[in-house]
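Colleague: Structure for this input, please:
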Amino acid sequence: MSHPSVSTLRLAFGVMLAALLMAACSTVDCPLNNTVYAQYVLRGPVTTLPDTLTITTRRVTDGLDTVLINQQVNTDSFSLPMSYGQNEDILYFRTNHLRDTVWVKKTNEPHFESTDCGLNYFHTITGIRFTRHALDSIVINHQQVNYDASQKHFLVYFKEYRL
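Modeller: Residues are numbered from 1 along each chain as shown. Alright, predicted model coming up:
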């Protein structure tokens, strides 16, 4: 009876080790787009804002303002993150001339796919209110905010004005 050679044993050991490593790997693929942002698009008579746009919010942790968009020009749409610890986000829209406050009411649903992907939050928009200095109106177009970046969640109507 012949005994297997050392090279045959090494090959068999390598194949078994590779099979064990592949079996231990996770088969969950995290989504390529795993950010959750609300999409805003301008509609009405002002589809491109001729003014600069700055959007800020106030942090809950220390009460300081955080700039989300800083002096964006020729704006026709923008994306903003949503908080996951508050049921209402307060945003400050500032153009060169006017400032509006926007309150977005929402729910926060934890979304877990695997430990490899981490925890994220999806949202359902339940209401919106705003001041009307530069803004004419904001309409909720799509309530569910998740990984789908193609959805336009808010339709923003600015008042027409002369510079």
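
Colleague: contact partners of the lengthiest strand in the chain?
Modeller: Secondary structure of the chain per DSSP state E: the longest strand is strand 99-112. Here strand 99-112 makes contact (Cβ atoms under 8 Å, 6 or more residues apart in numbering) with 38, 82-94, 119-135, 138, 145-146. To be clear about C-beta, it is placed using only N, CA and C from the backbone, and glycine gets the same treatment.

Colleague: and what of stretch 61-69?
Modeller: By Cβ under 8 Å, 6+ apart, the surrounding residues in contact with stretch 61-69 are 53-59, 78, 80-81, 91-92.

Colleague: Can you show me the CA trace of the helix or strand where Asp136 lies as PDB?
Modeller: Assigned by DSSP states H and E, Asp136 belongs to strand 135-140. Output of strand 135-140 as PDB, limited to C-alpha atoms (Å, rounded to 0.1, in the frame of the first residue of the first chain):
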ATOM      1  CA  LEU A 135     -40.400  80.100   0.400                       C
ATOM      2  CA  ASP A 136     -43.800  79.900  -1.200                       C
ATOM      3  CA  SER A 137     -44.400  76.200  -0.300                       C
ATOM      4  CA  ILE A 138     -42.900  72.800   0.300                       C
ATOM      5  CA  VAL A 139     -44.900  69.700  -0.700                       C
ATOM      6  CA  ILE A 140     -44.200  66.200   0.600                       C
END
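
Colleague: which of the residues in that strand are buried?
Modeller: 135, 138 (16 or more other Cβ atoms under 10 Å).

Colleague: What helices and strands are in contact with that strand?
Modeller: Packing partners of strand 135-140 (3 or more Cβ pairs under 8 Å, 6 or more residues apart in numbering; DSSP states H and E): strand 99-112, strand 119-130, strand 154-158.

Colleague: what is the orientation angle of the second one with strand 154-158?
Modeller: Here the directions of strand 119-130 and strand 154-158 differ by 30 degrees (axes from the mean of the first three to the mean of the last three Cα atoms, to 10 degrees).

Colleague: Number the residues from 51 up from this point.
Modeller: With 51 as the first residue, the last one maps to strand 169-180.
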